[in-house]
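A.B. asks: okay, sequence plus prediction incoming.
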There are 2 protein chains.
Amino acid sequence: MQNNVFDYIRGFGLDFDLATGLSNATATHKRYLSDMRGMYADDSAFDEILKTNDPVVYEFHEMGTPEHAGDLAFGCSITYPGKVADEYFMTKGHFHTILDTAETYLCLSGHGYMLMENPEGDWSGQEFLPGRMVYVPKRYAHRSINIDLKEPLVTFFVFRADAGHDYGTIETKGYRKLLVECDGQPTFIDNPKWK
Amino acid sequence: MQNNVFDYIRGFGLDFDLATGLSNATATHKRYLSDMRGMYADDSAFDEILKTNDPVVYEFHEMGTPEHAGDLAFGCSITYPGKVADEYFMTKGHFHTILDTAETYLCLSGHGYMLMENPEGDWSGQEFLPGRMVYVPKRYAHRSINIDLKEPLVTFFVFRADAGHDYGTIETKGYRKLLVECDGQPTFIDNPKWK
C-alpha cells in the first residue's frame, strides 16, 4: 500500500484528506487505549473501558524523513473523540530529543487544545479550531487533546527532521496539568499523579 | 492591526482562514505585477496589462520568526488567478540562502504547480490540489504557479527560520522552464529568456 513517493532529494507531492488527515500514500501509526496505561488520572475508569473495548485514541504519520537538520518531518495527527472518566482523549505527547527545536501544528478540523510544558514547569494550553495554527516553541513538551466528543481533532504538523522524540521523560513524570470536562467545560486542573 | 501574538518563547496560536489563507492577526506582503518586470516571457503583454491595471499577483505572510535554526517560519502564500499572454500568474520564487534547507507546502485550496530547480539544472513540477503537500527538497529554488483562472492558489508553508531567501540568483538567471497554457492545458516549456 505504501507508494514510494518520498524522494527527499528531488521532491515529491503527497495527498492528504483535509477532513480526515489520512493519506492513500502512506499508513499511520495507531495508539490504542491499552498503549496509554498510567497516563490517565483514573486508572479504574481506564481498566473498565478496556474490559469491553480497546479504542484507537490517536494515529499519526511517520514518513521516515532522513534525520537531517535541513529536512522537515511532517504529517497529520488525528486524535479521536472520547474520555476516560472526565479526562479527554489525548496523545502521549513528547519532548524533542534536540530540545531546542520548535514545531508547527495547523488544525484542519475538530476542536481541542495543545498542552505544552517546559522542564522548568512553565505550561500553557492553546486552543485548536479549524485554521488555527499552534506554534510549539523550543523546549516544550506537547500533547494534543480532543475536547469534541463527536469529531476527531485533525492537525498537520511540521518539525525539523533531526529533532527526535523523547517520550520517556514526560511518560515517567506525567504532565503537570490535565484537561478534564468540568460542568460541561474543558478545564485544566493539577495532575494528581505528577511527580 | 497587528496583534502581538508571536511569542516564540512560550508559544502561541494564530488563526488562518483555510479558504483564503488570510489571517486577522497579521498582514501580508503583496507583490504587484509591476514588481515582476522581466520575469514573464512576453514583455509587451506585460506592459499592455500595466497600462490599465497593476494587479496583486500574490501575497504571503512574513511573521518575523527569530532566525534561529531551531525555530520555524510559516504562513500562507496566495497566488491569484491571471495570465501574462499565455503564462500563468506565479510567485518570484527563491532559493534558500542556506541552500541545504527544505520547505513544506500544504495546499489548502486552488489548483497549481510548484516549479522547482536546483543549481545543477535538475527541475520538476509538482501539482497542487487541496490537501496535496509538496516537499521542496534542499537545494531547490521554488515558485508557486496558479493554473486555475478563477480561484486563488492557497498554500501553508513551513521552513527552518534561519534558511533565508535568496531572490537575486533566480531573478537574474530566470527559471529554465515556464508554465504556459497551450491548447487549454498547462504545459512546461523552455524559458527563452533563461541565461
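C.D. replies: Perfect, thanks for sending it.

A.B. asks: count of neighbours near A:Gln185?
C.D. replies: 8 (other CB atoms under 10 Å in any protein chain shown). Where you see a C-beta, it was placed from the backbone N, CA and C, and this is true even at glycine.

A.B. asks: against chain B, how distant is it?
C.D. replies: Computed as CB to the nearest CB, to the nearest Å, the A:Gln185 to chain B distance reads 18 Å.

A.B. asks: report the beta-bridge partners for that residue.
C.D. replies: Note on A:Gln185: beta-bridge partners A:Cys182, judged by DSSP bridges.

A.B. asks: how many neighbours does A:Trp194 have?
C.D. replies: Counted by other CB under 10 Å, the residues lying close to A:Trp194 total 13.

A.B. asks: could you say which helix or strand contains it?
C.D. replies: Using DSSP states H and E, A:Trp194 sits within no helix or strand.

A.B. asks: so for it, what's the pLDDT?
C.D. replies: Looking at A:Trp194, its pLDDT reads 89.

A.B. asks: A:Asn4 now?
C.D. replies: A:Asn4 is assigned a pLDDT of 70 by the prediction.

A.B. asks: which one's the longest helix in chain A?
C.D. replies: Taking DSSP state H as the criterion, chain A has its longest helix at helix A:43-52.

A.B. asks: for that one, name the packing helices and strands.
C.D. replies: Under the contact criterion of 3 or more CB pairs under 8 Å, 6 or more residues apart in numbering or on different chains; DSSP states H and E, helix A:43-52 touches strand A:83-84.

A.B. asks: contacts for the helix or strand of chain A with the lowest mean pLDDT, please.
C.D. replies: Scoring the helices and strands of chain A by mean pLDDT, DSSP states H and E places helix A:168-173 at the bottom, with a mean of 85. For helix A:168-173, contacts defined as CB atoms under 8 Å, 6 or more residues apart in numbering or on different chains pick out A:Met39, A:Lys92, A:Gly93, A:His94, A:Phe95, A:Glu117, A:Ala141, A:Arg143, A:Trp194, A:Lys195.

A.B. asks: any stretches of chain A with poor pLDDT?
C.D. replies: By pLDDT under 70, the weakly predicted segments of chain A are A:1-3.

A.B. asks: hmm, 50 instead?
C.D. replies: Under the criterion pLDDT under 50, the flagged ranges of chain A are A:1-2.

A.B. asks: helix/strand/coil for A:Tyr175?
C.D. replies: Using DSSP: H, G, I helix; E, B strand; the rest coil as the criterion, the local structure at A:Tyr175 reads coil.

A.B. asks: from chain B, how far off is it?
C.D. replies: 15 Å.

A.B. asks: also A:Asp35?
C.D. replies: Counting by CB to the nearest CB - A:Asp35 and chain B are separated by 26 Å.

A.B. asks: in three-state terms, label that residue for me.
C.D. replies: From three-state DSSP, the assignment for A:Asp35 is helix.

A.B. asks: fine by me, thanks again.
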